[in-house]
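Q: Sequence and predicted structure below; questions after.
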Amino acid sequence: MQQLPSFPSSRYAIPQPAAWAARGLSLRHAGDEDLPWLQMLYGQSREAELAAVPWPAAVKAAFLESQFALQHRHFVQVGTSGAWWIVCREQAGTVQPIGRLYLAEGVHTVTVVDICLLGAYQSQGLGTALLRQVMDEAALAGRSVGLHVAHGNPGALRLYLRLGFAVQEDIGSHLRMQWLPPMAGSALS
């Protein structure tokens, strides 16, 4: 694995979604020791996209390593005032990572830099519960929540629209979306 920048320390905290404890789920801060697992998660998130690409497995692996390194550097640079969370699940006394949530905290907006769950844990309401918790905490602070969604991710787009996010701008490969807390004025951005 390439030499990657370290995760900055984070003071940002969000309470665990209430329904998570009963399901054995928790959040913990990400650390540099998580980078190999995060690279695997990234690779899994791109499997469907790369399935049709006629590259040998070694070329795909090198591409994914390079792309993960670029993404990680970008996220650490963008999210210096944020938090990096690992979503965990306890089963049979063992705690295993199942996803990640990266946030960047601004004066008026909390930005969901990235949210990703292993495929086996998608479409179970876990991401919805996590995003609702982020939205609840942002609302308590009078902040909006922003994020970007790729045009090629219609499932995520449907989720964000269902949660009340609105498209603010088409920036080419992604849509920039925002959720405003109840009673928030147009001054938030």
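A: The structure has been received and is ready for your questions.
Q: Report how many residues lie close to residue 177.
A: 22 (other CB atoms under 10 Å). In this view, the C-beta of every residue, glycine as well, is placed from N, C-alpha and C.
Q: What of residue 26?
A: Neighbour count of residue 26, defined by other CB under 10 Å: 16.
Q: need the contact list for it.
A: Neighbour list for residue 26: 16, 20, 87-90, 95 [criterion: CB atoms under 8 Å, 6 or more residues apart in numbering].
Q: Quick check: pLDDT value at it.
A: Note for residue 26: predicted pLDDT of 89.
Q: related to what we said a few turns ago, closest one of the contacts of residue 26 to residue 178?
A: residue 87 (23.2 Å; CB to CB).
Q: The closest one sits in which helix or strand?
A: Using DSSP states H and E, residue 87 sits within strand 82-91.
Q: Tell me which other helices or strands the helix or strand following that strand touches.
A: The C-terminal neighbour of strand 82-91 among helices and strands, as given by DSSP H and E, is strand 94-105. Helices and strands touching strand 94-105, by 3 or more CB pairs under 8 Å, 6 or more residues apart in numbering; DSSP states H and E, are strand 25-29, helix 35-45, strand 82-91, strand 109-117, helix 126-140.
Q: again, only using 7 Å
A: Contact analysis of strand 94-105 by 3 or more CB pairs under 7 Å, 6 or more residues apart in numbering; DSSP states H and E lists helix 35-45, strand 82-91, strand 109-117 as its packing neighbours.
Q: how about the ones you listed in a markdown table, adding distance to residue 177?
A: A markdown table is the format used below for the helices and strands packed on strand 94-105 (distance: least, CB to CB, whole Å):
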| stretch | distance to residue 177 |
| --- | --- |
| helix 35-45 | 19 |
| strand 82-91 | 18 |
| strand 109-117 | 9 |
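Q: So which of the ones you listed is the most surrounded?
A: strand 109-117 (a mean of 21; mean count of other CB atoms under 10 Å).
Q: Just checking: what are the partner strands of it?
A: Each strand paired with strand 109-117, and its direction, by DSSP bridges: strand 94-105 (antiparallel), strand 144-150 (parallel).
Q: Can you get me a residue count around the residue lying closest to residue 72 once chain neighbours are set aside?
A: Using CB to CB, 6 or more residues apart in numbering and skipping residues adjacent in sequence, the residue nearest residue 72 is residue 4, 5.3 Å away. Residue 4: 15 surrounding residues under other CB under 10 Å.
Q: Take the strand holding residue 87, keep the C-alpha atoms, and write them as CSV.
A: The C-alpha trace of strand 82-91 is given here as CSV (Å, rounded to 0.1, in the frame of the first residue of the first chain):
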residue,chain,number,x,y,z
GLY,A,82,-14.3,17.1,10.2
ALA,A,83,-14.5,13.5,11.4
TRP,A,84,-13.7,10.1,10.1
TRP,A,85,-15.9,7.3,11.4
ILE,A,86,-15.8,3.6,11.0
VAL,A,87,-19.2,1.9,11.3
CYS,A,88,-18.9,-1.3,13.3
ARG,A,89,-21.0,-4.3,14.0
GLU,A,90,-20.7,-6.7,17.0
GLN,A,91,-21.5,-10.3,16.3
